[in-house]
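just need the structure, nothing else, for what follows:
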Amino acid sequence: MPNPPKDKTNGKRRIMRLIEPSIHQMGFLKHRQFGYVRPQPDKSEWRLLLSVPTHDCVYRICPSIMHADGSTILGPSSNAYEAPNSPNNTRYNFRFHVDADTHDRCAKNILQWLNEVAFPWFRSQSN
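Numbering: from 1, shown residues only. From the prediction side, this is the model:
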């Protein structure tokens with residue numbers, strides 16, 4: 001049974017309160033259009049979009065790089081990393097429900113995914 005809209009909104013907000021300090025420590029700034037942006041010395045931007053689809057209670061994370069010339073490179077989507085045969089053999093869980101334990105687990109998994117998948121991808125594209 002899906003979460004009622006108010007519970008879903010409260011869950012999303014609580015998870016963001018849990019992870020936002022760490023995202024800021026990683027050098028990302030909140031951006032009103034693109035989620036989070038980390039400017040790079042070469043004038044490109046590392047971008048993180050964290051979203052929850054309307055019909056579900058699961059976070060989707062999409063890293064990308066916007067180059068100074070406007071071209072964009074899309075990074076790995078978090079979707080594949082929830083499957084048992086995840087690309088890095090670690091199964092993450094970005095789903096949440098009403099109870100705070102699922103919010104804590106979701107936040108922990110998001111931060112783990114950022115450190116284990118998104119950041120290595122960003123670094124690999126910066127060379």
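
for this structure, give me the ranges with low pLDDT.
Flagging of the chain using pLDDT under 70 yields the residue ranges 1-5, 127.

repeat the analysis, applying 80 as the threshold.
For the chain, applying pLDDT under 80 flags the ranges 1-7, 33-34, 126-127.

which residue lies nearest the spatial centre of it?
residue 61 (3.4 Å; CA atoms, centre = their mean).

that residue contacts residue 94, correct?
Yes. With contact defined as CB atoms under 8 Å, residue 61 reaches residue 94; the gap is 7.3 Å. From N, CA and C alone the C-beta is placed, and that goes for glycine too.

what's the overlap in contacts for these two?
Residues touching both residue 61 and residue 94 by CB atoms under 8 Å, 6 or more residues apart in numbering: 78, 110, 113.

the residue nearest to the centre of the chain - nearest residue in space that isn't next to it in sequence?
For residue 61, ignoring the flanking residues on the chain, the nearest one in space by CB to CB, 6 or more residues apart in numbering is residue 78 at 4.0 Å.
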